[in-house]
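Asker: What shape does this take:
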Amino acid sequence: MTTVVPTSEEDPALAVVRFTTDLAWADAGDEVAEPQVTRLCMEAQESMVMGRWLDLASLMLTSADLVFSKVSDKDLECIFTVLCNLVSKLENPDEELEVANLISTKITQQPNDKPAIRLKILFNLYNLLEGPDSRFFVYMQALNLALNGKVTDHIIPSFKKIDSFLKEWNIGVKDQRNLFLTIANVLKENKSSGKDSFKFLNKYLATFSGEDSYTMSEAKEEAVHTVIEFVKAPDMFQCDLLDMPAVGQLEKDAKYALVYQLLKIFLTQRLDAYLEFQAANSTLMKSYGLVHEDCITKMRLMSLVDLGSNESGQVPYALIKDTLRINDDEVELWVVRAITAKLIDCKMDQMNQVVIVSRCTERLFGQHQWQSLRSKLATWRGNVASLISTIQANKVVEEGSQATQGMAIR
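Answerer: Below you'll find the predicted structure:
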């Protein structure tokens, strides 16, 4: 097939119009095709002279569906590189957004046809754009294309830059919600780490604060989903969901109050409370896909963390056995599991049958925990300042002593 790269001085955009029009009318015969090619090329030339870039983009996109099905991937990239470059000719942000909208909407219409190439074209378009609104719009189109075309692997690496993107885009709360929720869905589709998906669900829920009940209700289903994801996750033991208004609304909700109660058990209570809840709500647990044995394992670890948070820092083996409802010979096994999960740092005193805890993870990290951390940092800062003062005082005494000895020698 003839390449679309022009070998003459003809403008690349005009060459693309000629190439795609030839392709579109190829089966009609020269007598029919030639007038059509001439007409469309003249329209394209007129749009270029008049600076009507939106009209030119629309004209170039007329045969886009045909182009995707009939040309090689190399020619396809070449055609859309020329097309996307039209945005560099625009100085008005609104016009740039309009052209970006036109191009990206056309590209995403058939996400299952060469989705990887389509996504690559969108990335190219994104990099050519200047306006933050245009960039955000195209990025959202790329997210949805990756999700619908099942090529999520290609876009996930960009999630590491989301914080810097947010600063650049400066988008409102509604757009942030849409962004975070879509990213969470992409990660779920990709079967990535549950922590990654949970992180963006958390960000989504955190955007709801102080809204009226109607607005808050938008987040209800996702709040439930996030709670269940936390309970299911075998490697997540800490969150601040209880402090979020979007989650707090579930407490008095007729349909979801039990979901809130389950979250509260996992974050503030011990195994016995979970077992009592499960016995009364086993059908509910199954309806959310929660496996009882997995929940017991997680609650045992979280109960052990709770035991380790007492002020003395010492936890008798017998108390661990009773709280976790395990045998005597399983106590040290569960302590090791908690250490491996980095939930606690401790030593096991086998002689005295006691676990000496030096650090344990906070299951909740809300306002109270921040205040506690601030207090500890202030104490640490005071201790360091006191230590520096002592060192400086000792240094002065030592220097004075050395000076006195020097005088005595002379």
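
Asker: Sticking with the residue nearest the centre of the chain, tell me its helix or strand.
Answerer: The centroid of the chain falls nearest to residue 200 when counting by CA atoms, centre = their mean (4.1 Å). Assigned by DSSP states H and E, residue 200 falls within helix 194-206.

Asker: For burial, what's the neighbour tally of the residue lying closest to residue 197 once chain neighbours are set aside?
Answerer: Nearest residue to residue 197, sequence neighbours excluded (CB to CB, 6 or more residues apart in numbering): residue 187, at 4.1 Å. C-betas here are computed from N, CA, C, even on glycine. Residues within reach of residue 187, counting by other CB atoms under 10 Å, total 22.

Asker: pretty sure residue 187 is in a helix, no?
Answerer: Yes. Per DSSP: H, G, I helix; E, B strand; the rest coil, residue 187 lies within a helix segment.

Asker: ok, now how distant is the closest residue to the residue nearest to the centre of the chain other than its chain neighbours from residue 76?
Answerer: By the measure of CB to CB, 6+ apart, the closest residue to residue 200 outside its immediate chain neighbours is residue 184, 4.1 Å from it. In this view, residue 184 and residue 76 are 31 Å apart by CB to CB, to the nearest Å.

Asker: same thing with residue 321?
Answerer: From residue 321 to residue 76 the distance is 66 Å (CB to CB).

Asker: of the two, who's got more company?
Answerer: Neighbours per residue (other CB under 10 Å) separate residue 321 from residue 76, with residue 76 holding more: 21 against 17.

Asker: how would you label the more buried one: helix, strand or coil?
Answerer: With three-state DSSP as the basis, residue 76 sits in helix.

Asker: Residue 314 pairs with what?
Answerer: Beta-bridge pairing of residue 314 under DSSP bridges involves residue 356.

Asker: can you pull the contacts of the closest residue to residue 288 other than its chain neighbours?
Answerer: Nearest non-adjacent residue to residue 288, counting by CB to CB, 6+ apart: residue 228, 5.0 Å away. Counting by CB atoms under 8 Å, 6 or more residues apart in numbering, residue 228 touches 259, 288-290.

Asker: Scan these and report the most crowded one.
Answerer: Of these, with other CB under 10 Å as the count, residue 259 tops at 22 neighbours.

Asker: Could you check the pLDDT of that one?
Answerer: pLDDT recorded at residue 259 is 97.

Asker: still on that earlier bit, now whatever helix or strand the residue nearest to residue 288 lives in against helix 194-206, angle please.
Answerer: Assigned by DSSP H and E, residue 228 belongs to helix 220-232. Orientation note: helix 220-232 sits at an angle of 150 degrees relative to helix 194-206 (axes from the mean of the first three to the mean of the last three CA atoms, to 10 degrees).

Asker: Now do the phi/psi pair for the closest residue in space to residue 24 that isn't next to it in sequence.
Answerer: Once flanking residues are discounted, residue 24 sits nearest to residue 63: 4.4 Å by CB to CB, 6+ apart. With angles defined as degrees, to the nearest 10, residue 63 sits at phi -100, psi 20.

Asker: Output the contacts of residue 228 in a markdown table, with secondary structure and distance to residue 349 appended to each entry.
Answerer: Shown next, in a markdown table, are the contacts of residue 228 (DSSP: H, G, I helix; E, B strand; the rest coil; distance: CB to CB, whole Å):
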| residue | secondary structure | distance to residue 349 |
| --- | --- | --- |
| 259 | helix | 40 |
| 288 | coil | 41 |
| 289 | coil | 41 |
| 290 | coil | 36 |
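
Asker: what two of those are the furthest from one another?
Answerer: Greatest spacing in the contacts of residue 228, by CB to CB: 259 and 289 (12.8 Å).

Asker: hmm, back to that, which residues does the residue nearest to residue 197 contact?
Answerer: Contacts of residue 187 by CB under 8 Å, 6+ apart are 152, 156, 159, 193, 196-197, 200.

Asker: Among the residues you listed, show me the least confident.
Answerer: Out of those, that is residue 193, at 70.

Asker: Run through the chain and note the low-pLDDT ranges.
Answerer: Applying pLDDT under 70 to the chain flags the ranges 1-10, 26-31, 365-380, 382, 385, 396-410.

Asker: make it 50
Answerer: 1-8, 370, 373 (pLDDT under 50).

Asker: So which residues of it form strands?
Answerer: 314-316, 344-349, 354-360 (DSSP state E).

Asker: which stretch among those comes nearest residue 252?
Answerer: For residue 252, the closest of the strands of the chain is strand 354-360, at 31.9 Å, according to CB to CB.

Asker: List the buried residues of the closest one.
Answerer: The neighbour-count check on strand 354-360 (16 or more other CB atoms under 10 Å) flags 354-355, 357, 360 as buried.

Asker: Could you measure from the residue nearest to residue 197 over to residue 241?
Answerer: 18 Å.

Asker: again, but for residue 25
Answerer: According to CB to CB, residue 25 stands 60 Å off from residue 241.

Asker: cool, residue 208 as well?
Answerer: Taking CB to CB, one finds residue 208 at 12 Å from residue 241.

Asker: same deal with residue 120?
Answerer: 38 Å.

Asker: about what we covered before: closest one to residue 93 out of the contacts of residue 187, please.
Answerer: Distances from residue 93 to these, taken by CB to CB, are shortest for residue 159, at 25.9 Å.
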